[in-house]
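>>> Just to be clear, the model below is a prediction. Sequence and coordinates:
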Amino acid sequence: MPQAQITMEVRRVSDKVSIIDVKGELTAFAEGVLMDAYNQASDGSVRAIILNFEGLEYMNSSGIGLLVTLLIRVNREKQRLLTYGLSDHYRNIFQITRLDDAIGIYDSEEEAVRAADAK
Amino acid sequence: MTAQNPRPEGARQPRDAAHWAHYVEALKVPEGAVGLNVEGRRVVGPLQGFGKMWQKTYRVRLMGASASPAEVVGVWRERFPELSGFGKGFRVPSGGLAPGAAALLGGLSGVMVLYSDEESFTYMTPEGHPFSGWITFSAYEEEDGTTVAQAHLLIRANDPIYELMMPLGLHKAEDSIWQRTLRNLAAYFGANGEVETRVVCVDPRRQWRRYGNIRHNALVLSALHAVTAPLRQLRLRSAG
């Protein structure tokens, strides 16, 4: 199977909030990288995971599927999933796939962190 | 049915831009087609369904075939009605299975092409379909050079009626369809290979707040439409 063309770095911005900086291509091959990043980002006290998509270069429908399975895991842990850095094109994809029903979309890291801290 | 958004001149688009459907508020079927449970419906993903969420993967290694992933998916897309066994029951729009196109399924429901590239294409279901979710058909090459064809579903039963039907045959019916499709695809390329099936319950919780999806149930609405046909005929006659 081809290698994942993606990197994900985890930053802890507060006790309750972690950010995953996504860079590269979100396809089915990114599953392992995404789940490793989530495991790193999430510990007992984290209540919100923010995905930074400023570095997203490519996403296919399998990549969207990964976000759904991530969301299920996040919800199971009673956490929230938020995003920022989506271009207009990727916002359209979140809209047509109706991911925007369940994943908060924000214009900046500051806004996303504020929303994550709010509840 | 593809909605074309004008792009600003000089704007750099990601290389997946042309592969995705554009957002539409509701599906439209081609003129002249009867799409009772498709026309005006919104598309729904696995987050909008009622039942447990399932991830189903059906895979066949095309051993002995020399076709590339792109060739396999090209044939799959072109011959989808025949390979899936739906035949004329799967009505492809005149523009083909391009992103945003709505295909009708058996007069009962339909699907929208959410995504399509050289090595994969994905359908998304409308309100009222038995499932809310996505199904992706794809092919890839393994390390030994063998091409593998795969159908991957991420779905929930759309409403309580369909959820009740899941253990009563709907699961099995879904498995049969895609296993058959992959066997037909393998046979087309003269390949040997057993279909492997993997089913995972990704979320065992039902979304009870989505019970209202029942109002779009295609089976119920189609049955009501059939039963009330004589009344509509009568109304037409008295109006004429």
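Structure's in. What do you need?
>>> average pLDDT for stretch A:93-112?
Stretch A:93-112 shows a mean pLDDT of 96.
>>> how about that stretch, does it reach chain B?
Yes. Shown here: stretch A:93-112 in contact with chain B (C-beta under 8 Å from any C-beta of the partner chain) through A:93, A:95-99, A:101-102. C-betas here are computed from N, CA, C, even on glycine.
>>> which bits of chain A sit near chain B?
By C-beta under 8 Å from any C-beta, the residues of chain A that approach chain B are A:1-2, A:28, A:56-62, A:64-65, A:68-69, A:71-72, A:76, A:87, A:89-90, A:92-93, A:95-99, A:101-102.
>>> Quick one: buried ones out of these?
For the residues of chain A next to chain B, a neighbour count by 16 or more other C-beta atoms under 10 Å in any protein chain shown gives the buried set as A:28, A:56, A:58-62, A:64-65, A:68-69, A:71-72, A:87, A:89-90, A:92-93, A:96-99, A:102.
>>> Let's see which of the residues you listed end up in strands.
Using DSSP state E, A:56, A:58-59 are the members of these that sit in strands.
>>> buried stuff in the biggest helix by length in chain B?
For chain B, the longest helix by residue count, based on DSSP state H, is helix B:170-188. Using 16+ other C-beta under 10 Å as the test for burial, helix B:170-188 gives B:170, B:174-175, B:178-179, B:181-183, B:185-186, B:188.
>>> In a markdown table: the ones in strands among the buried ones among the residues of chain A next to chain B, plus distance to residue B:25 and pLDDT.
Formatted as a markdown table, these follow (distance: C-beta to C-beta, whole Å; pLDDT from 0 to 100):
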| residue | distance to residue B:25 | pLDDT |
| --- | --- | --- |
| A:56 | 26 | 96 |
| A:58 | 27 | 94 |
| A:59 | 23 | 95 |
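>>> and residue 43, how many neighbours?
Chain wasn't specified; assuming chain A. Counted with other C-beta atoms under 10 Å in any protein chain shown, residues neighbouring residue A:43 total 10.
>>> I was thinking of chain B, sorry if that wasn't clear
For residue B:43, the count of nearby residues is 25 (other C-beta under 10 Å).
>>> Beta-bridge partners for it, please?
Bridge pairing for residue B:43 (DSSP bridges) gives the partners residue B:126.
>>> now the helices for the chain?
The chain I'm using is chain A. Assigned by DSSP H, chain A shows helices spanning A:31-41, A:61-76, A:88-96, A:109-118.
>>> Not quite, go with chain B.
B:69-78, B:80-84, B:160-165, B:170-188, B:218-227, B:229-239.
>>> Chain A: which of the ones you listed is closest?
Chain A lies closest to helix B:69-78 among the helices of chain B, at 10.4 Å (C-beta to the nearest C-beta).
>>> Return the set of buried residues in the closest one.
Residues B:69, B:71-73, B:75-77 are the ones in helix B:69-78 that count as buried (16+ other C-beta under 10 Å).
>>> one step back: in terms of mean pLDDT, which of the helices of chain B ranks lowest?
Mean pLDDT values for those show the minimum at helix B:229-239, a mean of 83.
>>> and for it, what are the contacting residues?
The contact list for helix B:229-239, computed with C-beta atoms under 8 Å, 6 or more residues apart in numbering or on different chains, is empty.
>>> Alpha carbons only: can I get that helix in PDB?
Output in PDB follows, covering the C-alpha atoms of helix B:229-239 (Å, rounded to 0.1, in the frame of the first residue of the first chain):
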ATOM      1  CA  ALA B 229     -52.700   6.200  -7.500                       C
ATOM      2  CA  PRO B 230     -56.400   5.600  -8.200                       C
ATOM      3  CA  LEU B 231     -57.300   8.800  -6.300                       C
ATOM      4  CA  ARG B 232     -54.900  10.800  -8.400                       C
ATOM      5  CA  GLN B 233     -56.300   9.300 -11.600                       C
ATOM      6  CA  LEU B 234     -59.800  10.300 -10.400                       C
ATOM      7  CA  ARG B 235     -58.700  13.800  -9.700                       C
ATOM      8  CA  LEU B 236     -57.100  14.100 -13.100                       C
ATOM      9  CA  ARG B 237     -60.200  12.900 -14.800                       C
ATOM     10  CA  SER B 238     -62.500  15.300 -13.000                       C
ATOM     11  CA  ALA B 239     -60.000  18.200 -13.600                       C
END
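>>> For stretch B:183-202, which outside residues touch it?
So stretch B:183-202 is contacted by A:69, A:72, B:52-65, B:67, B:72, B:75-76, B:79, B:82-85, B:149, B:154, B:175, B:179, B:182 (C-beta under 8 Å, 6+ apart).
>>> Same question for stretch B:17-29.
Contact partners of stretch B:17-29, identified using C-beta under 8 Å, 6+ apart, comprise A:60, A:89, A:92-93, A:95-96, B:1-5, B:35, B:38-43, B:99-100, B:102, B:104, B:110, B:112-117, B:124, B:126.
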